[in-house]
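> sequence? don't have it. structure:
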């Protein structure tokens, strides 16, 4: 009902604006928000579809995820010790065992769900960045199914499979639903490991390709390659 309600509000607002401003020509009666389109230099943006975008340094987004996960883990341990709850009978308990009782159970589930959303964000951004890097280091390649592209897509799938299970394993705790908790732990960590190894191998291939392009010159002089990402892989 909410989309229908908002659509009706927008439509009625369009009628009202037409009555008070007859000279204003509207191409559409709907408002399109957060639509990002790709335009070449000099292209005119259509009046009916003006993009709305937010500029934000994407390098800080993983830090938000790390901060949220750290807050959930250390907060659960602190609340567990504060209330004197059971930790499973071992000196260094599993994080899940410290978050199986309220109030830390609710806090752990909520923050880890937020963290899983941030991970999805990071996975998608990294996919787009790697796609741009592939286009840079393979400028003459018309094969869209090359090795780098396949690995990038596989990493995207593995990351999107893994991320939601982090929130689910936090929601289904070890006290009330231990079997489901263990299932979501496996569904989170196994695809996550696959994702990390694929991303590492992808950037190794991109760096190798960039170095090969730098050496392709008849006069044996260095060729500048516009690829500076993950240069630490050289070591």
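Sure thing, it's come through. Everything numeric here is computed off the predicted structure, so don't read it as measured data. Residues are numbered from 1 along each chain as shown.
> hey, let's count contacts and neighbours off CA atoms from now on
Noted.
> the chain: helices as residue ranges?
For the chain, helices defined by DSSP state H occupy the ranges 2-20, 61-83, 95-98, 104-137, 147-171, 178-215.
> tell me the mean pLDDT for the first one?
Throughout helix 2-20, pLDDT has a mean value of 44.
> where does the protein have low pLDDT?
1-54, 88-93, 140-145, 213-235 (pLDDT under 70).
> what about 50?
1-6, 9-10, 12-39, 41, 144, 218, 223-235 (pLDDT under 50).
> can you add mean neighbour count and give the helices of the chain back as JSON lines?
Converted to JSON lines, those look like this (neighbours: other Cα atoms under 10 Å):
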{"stretch": "helix 2-20", "mean neighbour count": "12"}
{"stretch": "helix 61-83", "mean neighbour count": "17"}
{"stretch": "helix 95-98", "mean neighbour count": "22"}
{"stretch": "helix 104-137", "mean neighbour count": "19"}
{"stretch": "helix 147-171", "mean neighbour count": "21"}
{"stretch": "helix 178-215", "mean neighbour count": "17"}
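> could you dump these into TSV with distance to residue 55 added?
TSV is the format used below for the helices of the chain (distance: least, Cα to Cα, whole Å):
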stretch	distance to residue 55
helix 2-20	26
helix 61-83	12
helix 95-98	36
helix 104-137	13
helix 147-171	23
helix 178-215	25
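> hang on, residue 184 packs against residue 166?
Yes - using Cα atoms under 8 Å, residue 184 makes contact with residue 166 at a distance of 7.2 Å.
> what's the overlap in contacts for these two?
By Cα atoms under 8 Å, 6 or more residues apart in numbering, residue 184 and residue 166 have no common neighbours.
> wait, residue 210 sits on residue 137?
Yes - Residue 210 is in contact with residue 137 according to Cα under 8 Å; the separation is 5.8 Å.
> hmm, residue 173 is touching residue 98, no?
No - Residue 173 is beyond contact range of residue 98, at 9.8 Å (criterion: Cα under 8 Å).
> list the residues that contact the closest residue to residue 148 other than its chain neighbours.
Excluding the flanking residues, the one nearest residue 148 by Cα to Cα, 6 or more residues apart in numbering is residue 202, at 5.9 Å. By Cα under 8 Å, 6+ apart, the contact list for residue 202 reads 148, 151, 152.
> do that again at 10 Å, thanks
Residue 202 is in contact with 130, 134, 147, 148, 149, 150, 151, 152, 155, 196, 208, counting by Cα atoms under 10 Å, 6 or more residues apart in numbering.
> what's the spacing between the last one and residue 148?
In this case it means residue 208. For residue 208, the distance to residue 148 equals 11 Å [Cα to Cα, to the nearest Å].
> all good on my end, thank you.
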